[in-house]
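**Student:** With the input below, show me the fold.
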Amino acid sequence: MKSLPIVLAAALFFGGCSALTNKAPVTERRQLMLIGADEEKQLGLDAADEILKTSKQSTDAALTARVVNVGKKIVAVSSDAKAYTWDFYVLEDPTINAFALPGGKVFFYTGILKLMANDDQIACVMGHEIAHVLARHGAERMSQQQLSNLGGELLSIALKIPTKYQAAYQTAYGATSNLALMLPYSRKHESEADTIGVTLMYKAGYNPNEAVKFWQKMSEQGGGKTPEFLSTHPSDERRIKDIQADIKKLK
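**Tutor:** Numbering: from 1, shown residues only. The predicted structure follows:
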């Protein structure tokens, strides 16, 4: 009977969460949000400041101008983008990567730009990164982690795990939760960002078929790859297949 208040508290918490929902753009997937928009933006701004202090920006003015131009065109076709202050940066780094921070700060490494044959392929990745911001994937991941942590604590109490075994339980629960919830959720975010991104680049006047060519090029980079079920990204094959399906739905 001692666990009854805990169960009631959990029911109230999880029930209350239903009011804290959001809808992702384009896909209209319902999302749980326990992180406020202002807090999320500030986290992104703080991270961006740190990155700019410790990283070297590209001195190639023409390349940076291309990236900024593509970013502005894609932002312009999304009404949701008006809620953010957008800035686009090119960092001098051979790593094949690009990322966006909550609040609208988007970073491209020179390494990934070298693989892009045209502005359409820049738009493919730009749309994907902007999509992460618009869909508030960062806040959603943090919300899911908070929920997962609470779930582990409540389950531990409900199962009456002895104190001396709590550490082992938390380790086991964390691993199980990561595989069952957090990694699949990250893959869902990546796939959703592809769908939203392809839609945005198309609306901005870019050729979405170049997205397929770019990801095919990425898949040819070689090297050992983490099995999809343990990865935060969908496999190259699945990503390309899903993007091709998204393109067919564009109007």
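
**Student:** Show me the contact partners of stretch 205-215.
**Tutor:** For stretch 205-215, contacts defined as CB atoms under 8 Å, 6 or more residues apart in numbering pick out 70, 73, 115-121, 123-125, 127, 194, 197-198, 201-202, 236, 239-240, 243-244, 246-247, 250. The way it works is simple: take the backbone N, C-alpha and C, and place the C-beta from them, glycine included.

**Student:** Filter those residues down to just the buried residues.
**Tutor:** Neighbour counting by 16 or more other CB atoms under 10 Å classes 70, 73, 116, 119-121, 123-125, 127, 194, 197-198, 201-202, 236, 239-240, 243, 246-247 among these as buried.

**Student:** what residue ranges in the stretch 101-250 of the chain score low on pLDDT?
**Tutor:** Along the stretch 101-250 of the chain, segments meeting pLDDT under 70 span 146-185, 222-232.

**Student:** so where do the strands sit in it?
**Tutor:** For the stretch 101-250 of the chain, the strands defined by DSSP state E, counting those that start in this stretch cover 105-109.

**Student:** Can you show me the helices along it?
**Tutor:** Assigned by DSSP state H, counting those that start in this stretch, the helices in the stretch 101-250 of the chain fall at 110-113, 119-134, 137-158, 166-177, 183-203, 209-219, 236-249.

**Student:** so which of these gets nearest residue 39?
**Tutor:** helix 137-158 (8.1 Å; CB to CB).

**Student:** For my notes, confirm residue 100 occurs in a helix.
**Tutor:** No - assigned with DSSP: H, G, I helix; E, B strand; the rest coil, residue 100 falls outside any helix and is strand.

**Student:** so what's it closest to, chain neighbours aside?
**Tutor:** Excluding the flanking residues, the one nearest residue 100 by CB to CB, 6 or more residues apart in numbering is residue 129, at 3.9 Å.

**Student:** Also residue 115?
**Tutor:** Nearest residue to residue 115 in three dimensions, chain neighbours excluded: residue 217, at 5.8 Å (CB to CB, 6+ apart).

**Student:** Over to residue 244?
**Tutor:** The nearest residue in space to residue 244 (CB to CB, 6+ apart) is residue 212, at 6.0 Å.

**Student:** so how far is residue 79 from the one you found?
**Tutor:** Going from residue 212 to residue 79 by CB to CB, to the nearest Å gives 27 Å.

**Student:** Same question for residue 47.
**Tutor:** 26 Å.

**Student:** more crowded one of these two?
**Tutor:** Legend: neighbour count by other CB atoms under 10 Å for residue 47 and residue 79, higher for residue 47 (16 against 8).

**Student:** Give me the pLDDT for the more buried one.
**Tutor:** On the pLDDT scale, residue 47 is placed at 87.

**Student:** so what's it up against?
**Tutor:** By CB under 8 Å, 6+ apart, the contact set of residue 47 is 101, 105.

**Student:** Kindly provide the distance from it to residue 130.
**Tutor:** Distance, residue 47 to residue 130, by CB to CB: 17 Å.

**Student:** Residue 236 too?
**Tutor:** Using CB to CB, one gets 22 Å for the distance from residue 236 to residue 130.

**Student:** Equivalent analysis for residue 49, please.
**Tutor:** Residue 49 sits 20 Å away from residue 130, taking CB to CB as the criterion.
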